[in-house]
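*Asks:* Coordinates for the following, if possible.
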Amino acid sequence: MQIAKVRGTVVSTQKDPSLRGLKLLLLQLINEEGQILPEYEVAADSVGAGFDEWVLISRGNAARQVLGNEQRPVDAAVVAIIDTVYVEDRLIYSKKDQYR
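*Replies:* Okay, here's the model as predicted:
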């Protein structure tokens, strides 16, 4: 799994029928120090994440284990909205502090 920040949405009017009704998010990856990386990913959103939220994504076969994605051609899925991240007893991210 990987931590990422929601940067936007991806909208497509022409797509595989199995993707209809699926929200797609543009995510920017984050390292273990909380620094934004120059890498992006598009992921299916199964938890209702919003702009600027930190999320946890699963990739590959694990992304297809999310209920409803079993038959969809997705290789990344948002599986959680993050509240806090600690690394070695140090707070890296807190959702409640982000919006103050």
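*Asks:* Surely residue 97 is within a strand?
*Replies:* No. Residue 97: not assigned to a strand; according to DSSP: H, G, I helix; E, B strand; the rest coil it is helix.
*Asks:* now the protein, which segments are flagged as low pLDDT?
*Replies:* 60-73, 99-100 (pLDDT under 70).
*Asks:* Now with 50, please.
*Replies:* By pLDDT under 50, the chain contains no weakly predicted segment.
*Asks:* Point to the residue nearest the middle of it.
*Replies:* Closest residue to the average C-alpha location of the chain: residue 78 at 3.8 Å, with Cα atoms, centre = their mean.
*Asks:* which residues touch the helix or strand hosting that residue?
*Replies:* In the assignment (DSSP states H and E), residue 78 maps to strand 76-81. Residues from elsewhere that reach strand 76-81, judged by Cβ atoms under 8 Å, 6 or more residues apart in numbering: 1, 25, 27, 41-49, 53-59, 62-64, 66, 69, 95. C-beta here means a position set from N, CA and C on the backbone, and glycine is covered the same way.
*Asks:* now stretch 44-63
*Replies:* 1-8, 22-25, 27, 30, 41, 43, 65-69, 72, 74-82, 85, 93, 95, 98.
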